[in-house]
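>>> Could you work out the structure for the sequence below:
(chains A and B)
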Amino acid sequence: MESGILELYVLGDLSPEEKLKVEEMAQLYPEVKAELAEIEKTLGKLADSYAIEPSEGLRDNFLSKLTFNEEDTNTSISSVNLDTKQQTFSSHNNAKVIPLNSSKLNFYKYSFAACFTLLIMSVAALFVLYNNLQESKEQLAVLQSSNQDYANQVNYLDKKVESTNEILSVYTNPDYKMVELKGTANSPESKMLVAFNPKEQKVMIDMKNMSMPAHDENHQYQLWALVDGKPVDLGVFDGVNSEAVMKKMKAIDKAQAFAVTLEPKGGSVNPTLEKMMVMGAI
Amino acid sequence: MIKTKKITLEEPALIEALQQHKAIGAEALYDMYSASLLGVIFKIVADREIAEDVLQETLVKIWNSIHQYDATKGRLFTWMVNVARNLAIDKLRSKDFRNHSKNQDIENHVNVIDEQRNTTYKPELLGVKDLVEKLKPEQKKIVELVYFQGYTHVEVSDELEIPLGTVKTRLRMGIMELRKYFK
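Alright, predicted model coming up:
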């Protein structure tokens, strides 16, 4: 008792074995217990004499950090005490664990909702884009066909320009002699033009400004040149459905007159004079 | 710092309230012991702000580990002082504290040195009788080191180069002296 060990016990400065010894002694000898109480009281008063009032707000700060258990107010200490303690701790733990779980659950809930919303938005966007794509394809097809139309028209115009140029080149060339063939008794209304270029030995007939009666499928017109009183074959042509504007006939270097007869398809070796439709002298 | 209503409970009632985690237990704990515990902590860390942080830690630890306290082995306050002293010493040795100390200005530093030498006192301590001053210098030193600096008696023996038995005797004599004073 006089060794100072009790003081060290109160100060918490003993090994576990020494501590047990002191506790045993305190159980056995009331005076040891009283001495310990006396030392505790003294050191407590010593501490009290140095007391410093904590700052304002510290109290509320401290209390706000705690979780209170206001139930079980009637529980007696002793035997039930341990249970209450357990309950307090477990409910304390639960209180901390539940919000953690539910916040985790909330996180999953929200992320699922977000994913689902995103999915719906994606599908809607895809649908809109698909519709736009279809529309564009249709427009493209329309444009392509109208483009084709224009191309055709250009081709057509090109051909027309070409043929017009051809006509112009014939009519404006002074080497061509224009020979007007007039209707005979067989067809007084008929007439056509033959362009003859003796220099280049070219014979063209004007298909556009031709006015000849229609003939059936088994016949064709045949152009003849009268050279020194003899008819020379210059080729056949159709009176209708002709694409060409100026039709080039067989070559000849001289002629006194031109005549057209209606002959069986393919032409004849000698002209059928009874079927002479038009003729004209140079 | 006048509280309109301070709650005090008898020790057994307080222990029961703390064990059952009742609000009144926490309030009584704070009202009855925060000032004394802060005094002990301040004696160790010598910084008001840090001392209050440690006080918070101490009170929370008491609240959470009250089931470790055994009433048959001593007074509640003795146990609480040990908790406070241990946390304060931990703080003193922590990196946190050393960084904080480096940032203290010179004026503060002088105060800390003075504090350690016991030549002057913080304003908080003015008006409070320094009971340790009543003791003989050799007793005073040992009570200081053990009670307020958290030294073990073995450490005091090494520090002051005094035999262990002498440390214990002087400690006992010092406390006896104080007992006389409080009577």
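>>> Does residue B:60 touch residue A:65 like I think?
Yes. Using CB atoms under 8 Å, residue B:60 is in contact with residue A:65, at 5.9 Å. Backbone N, C-alpha and C define where each C-beta goes, glycine included.
>>> At which residues are the helices of chain B located?
Along chain B, counting by DSSP state H, helices occupy B:11-19, B:23-45, B:48-64, B:76-93, B:95-102, B:106-117, B:137-143, B:153-160, B:164-182.
>>> Ok, which of those helices comes nearest residue A:150?
Shortest distance between residue A:150 and the helices of chain B, using CB to CB, is found for helix B:95-102: 84.8 Å.
>>> and that closest one, average pLDDT?
For helix B:95-102, mean pLDDT rounds to 61.
>>> what's the answer for stretch A:171-179, then?
What stretch A:171-179 shows for mean pLDDT is 86.
>>> quick revisit: and residue B:60 and residue A:65? Which one has more around it.
More crowded of residue B:60 and residue A:65, by other CB atoms under 10 Å in any protein chain shown: residue B:60, with 15 against 12.
>>> Can you pull the domain assignment for chain A?
Annotated domains of chain A cover A:5-49, A:57-157, A:177-281 [automatic domain parsing].
>>> May I see those arranged in JSON lines, with distance to residue B:44 as well?
Shown next, in JSON lines, are these (distance: least, CB to CB, whole Å):
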{"stretch": "domain A:5-49", "distance to residue B:44": "12"}
{"stretch": "domain A:57-157", "distance to residue B:44": "18"}
{"stretch": "domain A:177-281", "distance to residue B:44": "120"}
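>>> Can you convert those domains into a markdown table and add a column each for distance to chain B?
What follows is these, written out as a markdown table (distance: least, CB to the nearest CB, whole Å):
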| stretch | distance to chain B |
| --- | --- |
| domain A:5-49 | 4 |
| domain A:57-157 | 4 |
| domain A:177-281 | 105 |
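>>> Residue B:160: which of those is closest?
Closest of the domains of chain A to residue B:160 is domain A:5-49, at 15.3 Å (criterion: CB to CB).
>>> in the chain, which segments are predicted with low confidence?
As the question left the chain open, I've gone with chain A. By pLDDT under 70, the weakly predicted segments of chain A are A:1-2, A:70-102, A:240-244.
>>> I was after chain B.
Across chain B, residues meeting the criterion (pLDDT under 70) sit at B:1-5, B:95-134, B:183.
>>> what's the distance between the most centrally placed residue in it and residue A:176?
The structure's chain B has its C-alpha centroid closest to residue B:40; by CA atoms, centre = their mean the separation is 2.1 Å. For residue B:40, the distance to residue A:176 equals 136 Å [CB to CB, to the nearest Å].
>>> hey, what's residue A:280 bridged with?
Beta-bridge partners recorded for residue A:280 (DSSP bridges): residue A:258.
>>> Report the contact partners of it.
A:179-182, A:194, A:257-259 (CB atoms under 8 Å, 6 or more residues apart in numbering or on different chains).
>>> cool, and residue A:19?
Residue A:19 makes contacts with residue A:9, as judged by CB under 8 Å, 6+ apart.
>>> go on, residue A:9?
Applying CB under 8 Å, 6+ apart to residue A:9 gives the contacts A:18-19, A:22, A:36.
>>> For residue A:224, which three-state class applies?
Secondary structure assignment for residue A:224 (DSSP: H, G, I helix; E, B strand; the rest coil): strand.
>>> Angles on the backbone of the closest residue to it other than its chain neighbours, please.
Nearest residue to residue A:224, sequence neighbours excluded (CB to CB, 6 or more residues apart in numbering or on different chains): residue A:231, at 4.4 Å. The phi and psi values for residue A:231, taken as degrees, to the nearest 10, are phi -80, psi 130.
>>> Would you mind measuring from residue A:231 to residue A:178?
Taking CB to CB, one finds residue A:231 at 21 Å from residue A:178.
>>> Which of those two has more residues huddled nearby?
Between residue A:231 and residue A:178, counted using other CB under 10 Å, the more crowded position is residue A:231 (17 against 13).
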